[in-house]
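Visitor: Need the 3D shape of this:
(chains A and B)
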Amino acid sequence: MEVYLWAFLIGGLICGLGQLFLEYTPYLPGHLLVLLVVSGAVLSALGIYEKLIELAGAGVTVPVSNFGNILAQGVIFEVKRDGMIGLFRGIMEIAGGGLTATIVIGFLISLIFRTKE
Amino acid sequence: MINLKKTGDTVFFSTTPRIFSSFSVVGKKEGRGPLGSIFDYISQDSLFSQNTWEKAEMEMSKKAVQGVLDKTNLMPEDIDFLLGGDLLNQIVVANFVARHFQRPYLGLFGACATLGESLFLGSTLLDGDFGDQVIAFVSSHYQTAERQYRTPIEYGDQYPPWKQWTVTGSAAFLLQKEGGSVGITQATVGTVLDWGIIDTNDLGGAMVPAAAQTILTNLEDTGRSPGDYDLILTGDLGIRGRDLLRKLLKKEGLGELDNLNDCGARIFAPDQKAGSGGSGCATSAVVLSSYYLPRLEKGDLNRILLVVTGALLNPTTSLQGETIPGIAHALVLERMVD
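Guide: Residues are numbered from 1 along each chain as shown, chains lettered A, B, ... in the order given. The predicted structure is shown next:
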């Protein structure tokens, strides 16, 4: 039960900080996206992201920072197995499924719907 | 030494070219706005029966040019020059409209200030006796413009409250050497100014310095004070930009300008979720065509300073960290009593 509370608090904190970034800096959503992904990758490499997932579950796996996390985890996994070639091989190791789903679903949705006023 | 028809940055036309007629086309949202019913053609379908947004904008712009021809019983052959522009890459909308009408054509780009360029150059051609009739036309479309300046709508960026909403519309103006009760007497061509704004959601703010400078230049060159104009009308600064411009001009010593307004601030109602108001080439064009030209013709207003504003960026320059330069061209429109 406790994980729901932490998911709410930590997930909410990430989104809240992101909103403040958009409201109070002149930077654009693209900048925020890159910042979150890179932060996720760094926290993942330091072993912190894994602990956050144990604590807050979907609160940290749903925000886009988790994309940085799975990029980093894929690389770490492949490097441990195959050495430095894993730097290149590992990027899509875990992220590949999510990316392919995004592209295919995006394509299907664009066939059905159009933007509105 | 030739006696130039120019003082400072302001051109004084000797023959007073006329805006003889005009035709405006808008989309559904604009039609529901506070100026709603006055536009010549309100489409309930933003796709204009086409299958892409770009084709929709071309159809809309074509409708505006055809509209002004029909209104004045002219054929395309009667037109000496077509001067047009829009916001898409390579100004394709205007190019394709010109493909349809088969008349000598110059494509213009001045971002949202394109109307100022086309009216100025059209007047110059007439004043130089290079033609009798010129059509100036511009267009913008909410669905096509967003990706030209920021990200595609499908990307789903948040819409901050200070952002402006691109007007879906097009207007065509028939300029003639004679006839008609609205004359273009002077024009001040703007210089590009950049005060370092980087937020692409704040184009109104980025254009304010250029608008202020063009207004000050015009007043200096013509020897007029702001009160000599019944109205100083900016293009698409939006509500926030208009209020900033008032503050800036007050700081420059022009006092409280009650006669200053903005087309973008007028085209949408507060409950239409259009942020700070309208933007895009069409904003000044459709509001001028359907609201202010008739008021000049009726005599409610005698002299307007139209200040058309443009933000000169593209998505690549903003991604490369460049700031947003702005430009503003001013035209003095006067009621002529022949």
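Visitor: and the nearest residue to B:L126 once chain neighbours are set aside, how many residues sit next to it?
Guide: In space, and not counting its chain neighbours, B:L126 is closest to B:P17: 4.1 Å by Cβ to Cβ, 6 or more residues apart in numbering or on different chains. Using the backbone N, CA and C atoms, a C-beta is placed for each residue, glycine as well. Counted with other Cβ atoms under 10 Å in any protein chain shown, the neighbours of B:P17 add up to 24.
Visitor: Low-confidence regions, the chain specifically.
Guide: If you meant another chain, say so; for now it's chain A. Within chain A, the ranges that satisfy pLDDT under 70 run A:117.
Visitor: Wait, chain B was what I had in mind.
Guide: Residue ranges of chain B with pLDDT under 70: B:1, B:338.
Visitor: for chain A, what are the nearby residues on it?
Guide: Contact residues (Cβ under 8 Å from any Cβ of the partner chain) of chain B with chain A: B:27-29, B:46, B:142-143, B:150-151, B:153-154, B:157-158, B:160, B:168, B:197-201, B:318-319.
Visitor: Let's see that with 7 Å instead.
Guide: Contact residues, chain B versus chain A (Cβ under 7 Å from any Cβ of the partner chain): B:K28, B:K29, B:S46, B:Y142, B:Q143, B:I153, B:E154, B:D157, B:Q158, B:I198, B:D199, B:T200.
Visitor: Quick check: of those residues, which has the highest neighbour count?
Guide: The most crowded member of the residues of chain B next to chain A, judged by other Cβ under 10 Å, is B:Y142 (25 neighbours).
Visitor: hang on, that residue packs against B:T168?
Guide: Yes - with contacts counted by Cβ atoms under 7 Å, B:Y142 reaches B:T168, the gap being 4.9 Å.
Visitor: my guess is A:L36 is in a strand, correct?
Guide: No - assessed with DSSP: H, G, I helix; E, B strand; the rest coil, A:L36 is helix; it does not lie in a strand.
Visitor: what's the spacing between it and chain B?
Guide: According to Cβ to the nearest Cβ, to the nearest Å, A:L36 and chain B sit 15 Å apart.
Visitor: There's contact between that residue and A:N66 in this structure, I believe.
Guide: No - taking Cβ under 7 Å as the definition, A:L36 is not a contact partner of A:N66, at 9.1 Å.
Visitor: So between the two, which is more surrounded?
Guide: A:N66 (23 against 20).
Visitor: Could you dump the residues of chain B next to chain A into TSV with secondary structure added?
Guide: Below are the residues of chain B next to chain A laid out as TSV (three-state DSSP):
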residue	secondary structure
B:K28	helix
B:K29	helix
B:S46	coil
B:Y142	helix
B:Q143	helix
B:I153	helix
B:E154	helix
B:D157	coil
B:Q158	coil
B:I198	coil
B:D199	coil
B:T200	coil
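Visitor: Out of those, which two sit at the greatest distance?
Guide: Based on Cβ to Cβ, the longest span within the residues of chain B next to chain A runs between B:K28 and B:I198 and measures 33.0 Å.
Visitor: For B:G183, what is the enclosing helix or strand?
Guide: Using DSSP states H and E, B:G183 sits in strand B:182-188.
Visitor: and that strand, how far from the chain's centre?
Guide: Counting by Cα atoms, centre = their mean, to the nearest Å, strand B:182-188 is centred 15 Å from the centre of its parent chain.
Visitor: Which neighbouring elements make contact with the helix or strand just after it?
Guide: Sequence-wise, the next helix or strand downstream of strand B:182-188 (DSSP H and E) is helix B:203-222. Judged by 3 or more Cβ pairs under 7 Å, 6 or more residues apart in numbering or on different chains; DSSP states H and E, the packing partners of helix B:203-222 are strand B:10-12, strand B:182-188, helix B:238-251, strand B:303-311, strand B:326-335.
Visitor: got the angle for helix B:203-222 vs strand B:303-311?
Guide: On the basis of axes from the mean of the first three to the mean of the last three Cα atoms, to 10 degrees, helix B:203-222 is oriented at 140 degrees to strand B:303-311.
Visitor: Heading C-terminal from helix B:203-222, find the next helix or strand.
Guide: strand B:231-234.
Visitor: Give me the sheet partners of that next one and which way each runs.
Guide: Paired neighbours of strand B:231-234 in the sheet (DSSP bridges): strand B:260-262 (parallel), strand B:303-311 (parallel).
Visitor: Now tabulate those in CSV and tack on mean neighbour count and distance to B:R246.
Guide: Output for the strands paired with strand B:231-234, formatted as CSV (neighbours: other Cβ atoms under 10 Å in any protein chain shown; distance: least, Cβ to Cβ, whole Å):
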stretch, mean neighbour count, distance to B:R246
strand B:260-262, 24, 6
strand B:303-311, 27, 13
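Visitor: Dump stretch B:81-95 to PDB, keeping only the CA atoms.
Guide: Taking Å, rounded to 0.1, in the frame of the first residue of the first chain, the C-alpha atoms of stretch B:81-95 are listed here in PDB:
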ATOM      1  CA  PHE B  81       0.800  42.200 -60.600                       C
ATOM      2  CA  LEU B  82       0.100  39.600 -57.800                       C
ATOM      3  CA  LEU B  83       2.000  40.200 -54.600                       C
ATOM      4  CA  GLY B  84       1.500  37.500 -52.100                       C
ATOM      5  CA  GLY B  85       3.000  35.600 -49.200                       C
ATOM      6  CA  ASP B  86       2.300  33.200 -46.300                       C
ATOM      7  CA  LEU B  87       4.100  31.400 -43.500                       C
ATOM      8  CA  LEU B  88       5.000  28.000 -45.100                       C
ATOM      9  CA  ASN B  89       8.400  26.900 -46.300                       C
ATOM     10  CA  GLN B  90       9.300  28.400 -49.600                       C
ATOM     11  CA  ILE B  91       6.000  30.400 -49.400                       C
ATOM     12  CA  VAL B  92       4.300  27.600 -51.300                       C
ATOM     13  CA  VAL B  93       0.700  28.700 -50.600                       C
ATOM     14  CA  ALA B  94       1.200  32.000 -52.400                       C
ATOM     15  CA  ASN B  95       3.200  30.300 -55.200                       C
END
